[in-house]
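**Q** here are the coordinates; sequence isn't available:
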């Protein structure tokens, strides 16, 4: 049985959603979690530890590789 693991934490929901899209385009199911009142109070996400991106633990290594590769390409 697979568990969800946080592969990255972002400062805002937009960055997390873009990373989620990248992963899903590469066949990795991902979810975003933030304590921001459903997007109504984005400032709360920052104070509660950021916006977290989760994947199944079986996909964590591939997800991190894709996210790191994307970060290098966008620098």
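**A** Happy to help now that I have it. These numbers were taken from a predicted model, which means no experiment stands behind them.

**Q** output the lowest mean pLDDT helix or strand found in this protein.
**A** helix 42-47 (a mean of 55; mean pLDDT, DSSP states H and E).

**Q** helices and strands around the helix or strand just after that one, which ones?
**A** Following helix 42-47 in sequence order, the next helix or strand is strand 51-56 (DSSP states H and E). Under the contact criterion of 3 or more Cβ pairs under 8 Å, 6 or more residues apart in numbering; DSSP states H and E, strand 51-56 touches strand 4-10, helix 13-25, strand 30-33. For glycine as for every other residue, the C-beta is placed from the backbone atoms N, C-alpha and C.

**Q** next, the angle from strand 51-56 to strand 4-10.
**A** On the basis of axes from the mean of the first three to the mean of the last three Cα atoms, to 10 degrees, strand 51-56 is oriented at 150 degrees to strand 4-10.

**Q** now do strand 51-56: everything it contacts.
**A** Residues outside strand 51-56 that contact it (Cβ atoms under 8 Å, 6 or more residues apart in numbering): 2-13, 15-16, 19-20, 23, 28-34, 36, 45, 63.

**Q** weed out the non-buried ones from those.
**A** 7-8, 10, 13, 15-16, 19-20, 23, 28, 30, 34, 36, 45, 63 (16 or more other Cβ atoms under 10 Å).

**Q** lowest pLDDT pick from those residues?
**A** Looking at those by pLDDT, the weakest one is residue 45, with 54.

**Q** thinking again about what came up before, for the buried ones among the contacts of strand 51-56, work out which two are farthest apart.
**A** The most widely separated members of the buried ones among the contacts of strand 51-56, counting by Cβ to Cβ, are 28 and 36 (23.4 Å).

**Q** can you pull up the most central residue in this protein?
**A** Centroid-nearest residue in the chain, with Cα atoms, centre = their mean: residue 53, separated by 2.4 Å.

**Q** so where is this protein shaky, pLDDT-wise?
**A** Residue ranges of the chain with pLDDT under 70: 1, 35-48, 71-75.

**Q** recalculate using a threshold of 80.
**A** Residues of the chain meeting the criterion pLDDT under 80: 1-2, 35-49, 70-75.
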